[in-house]
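what follows is a predicted structure for the sequence shown.
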Amino acid sequence: MSLIVIDNLQASVNGKPILKGLTLTIEPGTVHAIMGPNGSGKSTLSHVLAGKPGYEVTGGSVRFKGRDLLAMAPEERACAGLFLAFQYPVEIPGVSNMEFLRAAAEAQAKARGETPPPAIDMMRRLREIATELGLHTDFLKRGVNEGFSGGEKKRNEILQMTFLRPALSILDETDSGLDIDALRIVGDGVTRFLRDNPTHGVLLITHYQRLLNHIVPDVVHVLTDGRIIETGDRSLALRLEEQGYVGLVDRT
Amino acid sequence: MSAIAAHAWLDVETAAELRALVEAPTAQARVRESWKYTPVLRGLNAVANVAATDSVVAGAPDGSLRVDVAPTASEMALLRERACACPPAAKLLLGARTIDRLNLDTSPASPLQLRALSPVRPLVVHIAPTVRATILDDVDGASAGWLLVCLDTAADLDFTRVRPSCPRDEWQQLQFDLADDAQLIARHYCRGAGLRRLDALVRLLGRNASATISGAWRVDAGDRLDQQWHVEHLAPGTRSEQRHHGIVADRGHTTFRGRIYIAPDCPGVEADLVNRNLLLDPGAVCNTKPELEILSDDVRCSHGATVGQLAAESLFYLASRGLDEATARTLLAAGFLNECIDGPGAETAAALLRTETDHD
Ligand SMILES: Nc1ncnc2c1ncn2[C@@H]1O[C@H](COP(=O)(O)OP(=O)(O)OP(=O)(O)O)[C@@H](O)[C@H]1O
Ligand SMILES: [Mg+2]
C-alpha cells in the first residue's frame, strides 16, 4: 500500500486559494523532494497534511496508509505515523525536551495500543540520538527549543523524528539555517534513519540541491502556484539549480 | 479604650490610631488602592477568625528562637509602621502582645523549616551580618502569618514559601528589610484559597542590596488570590528583579499589584518586574497592575504585565507530536509556571501547581 496518496488537493487560507489541485503519491521506502519558489505553497502543503488549524480544504483527498487523513485530528495523524519537521519550530519554555518527548512517545504508544518503553530506556535512546546529531545532551534538559539557535532548532526536529520513528516525515526546509557541517550531520542522520526504517518515507521540502547530495531523493517535484508542474529524478534538481524556476515555468 | 491600654508595649495614641485605620479602612488613598479588588473586611475577618496555635520553628539552631517575647523598640517601630499601611496588620497588632523572634547569628548548616507559626503573633527573623541562610516556609493549615525578616549587612537569604489551596480565607504579611549588600532570593508559590491575601514588602534600605523575587500560582475552582508586592528602593545601587507567572482557571479570581518605588537620590538603581498571566477558562478573572514611582534620575526600570491564553501555535506543535489537547494544555500550563519555579522547594511547588483543586 502507498504511504500517502494526495489527490487533486485544494486548500485556501483566509479565502485565498493556495493549493490548486496537487497530486502526489509516496511509496514506502522512498524519498521525495519538493522544490519551488517562495510562496508557492510548500509550507501550506505541509501544514494541511499535519492538520494545522486555519486552512480550509476546498477539494481533493488525502489517504495516509489507507486512512482518510483529512478526517483525522492533528494528534491522530501524528499517532498514525505522520511527522512534520517545522520550517519554524516553536519554543515551549518551561517544558524540557526530555519531558516533552516522553509525553509524545507515551501518547503515541497508547494510541497504538502499545506499552511505552520504560522511561530509563527512552532517556538512554534520546542521549544516543542527541550525540549522533551533534547536540550536547544538555539540550534534552532545556526547554523545548528555548533559546536554541536556528540550526539547533532544526537539529532538534530531526532528533524528534529519529526518536518517534514516524512512517512519513515531512521536512520543511530543515536545511535552511544549518551550517555546512550541520547539514552533513543532519543529512547523515536522515539517511541512517531511513536505513534503519526501510519502509518509511520522507518528503523533503528544500530550496537547495546541496541537501540532496546528503539525502538522495528518488523523486523530485517542482511546485509552483499550488500545483506540481514537473516531476523527475535527481537530475531535475540539478537542472533547476542551473536554470532557476523561471526557465522551467516558461517552458511548461 | 481600657482594652487597648492593656497592651503594655503599645501606647494609647498608637493603638487609637491603628484602631481608626482598621475601623475606617477607606480613609487612606494608599489603603484604598491596595484593597480595590478584595473587601478589606474579608481581610480583617481572615485575621479575626483564626485560632491561636503555638509557634514552632523547626530546625532552628539552639537558642536562636525566642518565643513570646516583647518587641524591642526598633522592632516595635517597624511593626507600627507596617500596621499603619495595612489595616489587617493593625488589627493583628492590636490583638498581639508579643512576638516570636528568631536570631540567626551564624549560618545554619541546613535549611530551616518554618511551620505552624502563630497566626496572631508576628515572627521577626534577624539575620546577622554576612550570615547565609535558607528558609523553607511551608506553613500548613489555617494561618494569617506575619513574617518580618531583617537582613543585616551582607546577609544572604534564600527564602521559599509554598502554600497549598485551602477553602478558608487567609491573609499573610511578608516583609524583608535589607541592609547594605544584603542579598535576598524570595520565592512564593501558591494555590488559591477562599480568599488568599498576601501583602509583601521588600525594602532595600542599604546600598547595593539586591532582591530576586519569583512567584508562581494556579488559582481555580472558585478560589481567590490577591497579592500585593511592594518593592522599595531606598538606597543607591540597589537592584530588584521580579518574575511572577500566574494561571487562572475555572472560576478562579486573581489580583496582582506590583509596585516599585525608587526614592529620591538613589542613582544606579535597577528594577525589573514581569507579571504574566494565563487565563484558561472563560469564567476566570485576572487583575494585574504594575506601578512605578520613580523619584530618582539615573535609574533603570522596566515593568510589564500580560494576560493571555495558551498560544495556538504551541498547542499545534504539541498536537503534531501526538499529544491530545488536554495533555498539551496541561503540559504548556506547567511549563509556563516552571519558568518561575526553582530552588529547594521546586519539586514540591511544581507538583502542587500541576493538579486541579479538589476542595470543592
Ligand atoms: N494566513 C495567511 N493569510 C494570507 N495568506 C497566507 C497566509 N498564510 C500563507 N499565506 C500565503 O500563502 C502562500 C503560500 O505560502 P507558503 O508558506 O505555503 O509558501 P512556501 O512555498 O512555503 O514559501 P517559502 O519558500 O518562502 O517557505 C504565500 O503567498 C503566503 O503569503
Ligand atoms: Mg515555506
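Sure thing, it's come through. Ligands and ions are numbered 1, 2, ... in the order given.

alpha carbons only for contacts and neighbour counts from here, please
Fine.

B:Asp298 touches B:Gly268, doesn't it?
Yes: in this structure B:Asp298 lies within contact range of B:Gly268 using CA atoms under 8 Å: 6.0 Å.

the nearest residue to A:Glu27 once chain neighbours are set aside sits in which helix or strand?
The spatial neighbour of A:Glu27 that comes closest, neighbours along the chain excluded (CA to CA, 6 or more residues apart in numbering or on different chains), is A:Ser2 at 4.7 Å. When secondary structure is defined using DSSP states H and E, no element contains A:Ser2, which sits outside every helix and strand.

thought A:Ser2 was touching A:Thr25?
Yes: with contact defined as CA under 8 Å, A:Ser2 reaches A:Thr25; the gap is 7.0 Å.

can you name the residue of the stretch 101-250 of chain B nearest to chain A?
Relative to chain A, the nearest point of the stretch 101-250 of chain B is B:His245 (11.6 Å; CA to the nearest CA).

any idea how far B:Gln173 is from that residue?
Computed as CA to CA, to the nearest Å, the B:His245 to B:Gln173 distance reads 20 Å.

over to A:Leu164?
With distances taken as CA to CA, A:Leu164 is found 50 Å from B:Gln173.

how many residues are close by B:Pro110?
For residue B:110 the amino acid is Ser, not Pro. Close neighbours of B:Ser110, defined as other CA atoms under 10 Å in any protein chain shown, add up to 12.

any part of the helix or strand of chain A with the lowest mean pLDDT near ligand 1?
For chain A, counting by mean pLDDT, DSSP states H and E, helix A:234-251 ranks last in confidence among helices and strands (a mean of 80). No: Helix A:234-251 is not in contact with ligand 1 by CA under 6 Å from any ligand atom; minimum separation 12.4 Å.

buried residues in that helix, which are they?
The neighbour-count check on helix A:234-251 (16 or more other CA atoms under 10 Å in any protein chain shown) flags A:234, A:236-237, A:240, A:245 as buried.

which element is the residue positioned nearest the centre of chain A on?
Closest residue to the average C-alpha location of chain A: A:Ile170 at 1.8 Å, with CA atoms, centre = their mean. Secondary structure from DSSP H and E places A:Ile170 in strand A:168-172.

next SSE downstream of the helix or strand containing the residue of the stretch 101-250 of chain B closest to chain A?
Applying DSSP H and E as the criterion places B:His245 in strand B:239-248. Next along the chain after strand B:239-248, taking DSSP H and E as the criterion, comes strand B:253-262.

ok, the helix or strand just after that next one near chain A or not?
Sequence-wise, the next helix or strand beyond strand B:253-262 is strand B:270-279, with elements assigned using DSSP H and E. No: using CA under 8 Å from any CA of the partner chain, strand B:270-279 stays clear of chain A, coming no nearer than 13.4 Å.

coming back round to it: the residue of the stretch 101-250 of chain B closest to chain A and B:Trp171: what is the separation?
Computed with CA to CA, the distance linking B:His245 and B:Trp171 is 20 Å.

neighbour count: the two, which is higher?
A direct count of neighbours by other CA under 10 Å for B:His245 and B:Trp171 places B:Trp171 higher, at 27 against 23.

so what sits opposite that one in the bridge?
B:Arg197 (DSSP bridges).

and the residue in chain B positioned nearest to ligand 1, what helix or strand is that in?
Closest approach between chain B and ligand 1, counting by CA to the nearest ligand atom: B:Glu313, at 12.7 Å. When secondary structure is defined using DSSP H and E, the element that contains B:Glu313 is helix B:312-319.

packing partners of that helix?
helix A:74-79, helix B:325-338 (3 or more CA pairs under 8 Å, 6 or more residues apart in numbering or on different chains; DSSP states H and E).

low-confidence regions, the stretch 101-250 of chain A specifically.
Across the stretch 101-250 of chain A, the ranges flagged by pLDDT under 70 are A:249-250.

any idea how far the residue nearest the centre of chain B lies from B:Phe176?
Taking CA atoms, centre = their mean as the criterion, B:Ala200 is the residue nearest the geometric centre of chain B, at 3.9 Å. Noted for B:Ala200: a distance of 8 Å to B:Phe176, by CA to CA.

do the same with A:Arg67
From A:Arg67 over to B:Phe176 the distance is 63 Å, taken as CA to CA.

which one of those two has more residues nearby?
When neighbours are counted by other CA under 10 Å, A:Arg67 and B:Phe176 differ, and B:Phe176 comes out ahead with 23 against 14.

just checking, the more buried one touches B:Val149?
Yes: judged on CA under 8 Å, B:Phe176 makes contact with B:Val149 at a distance of 4.8 Å.

burial of the residue lying closest to A:Ala111 once chain neighbours are set aside, as a residue count?
In space, A:Ala111 comes closest to A:Cys79 once its chain neighbours are excluded; the distance is 6.3 Å by CA to CA, 6+ apart. For A:Cys79, the tally of surrounding residues (other CA under 10 Å) stands at 26.
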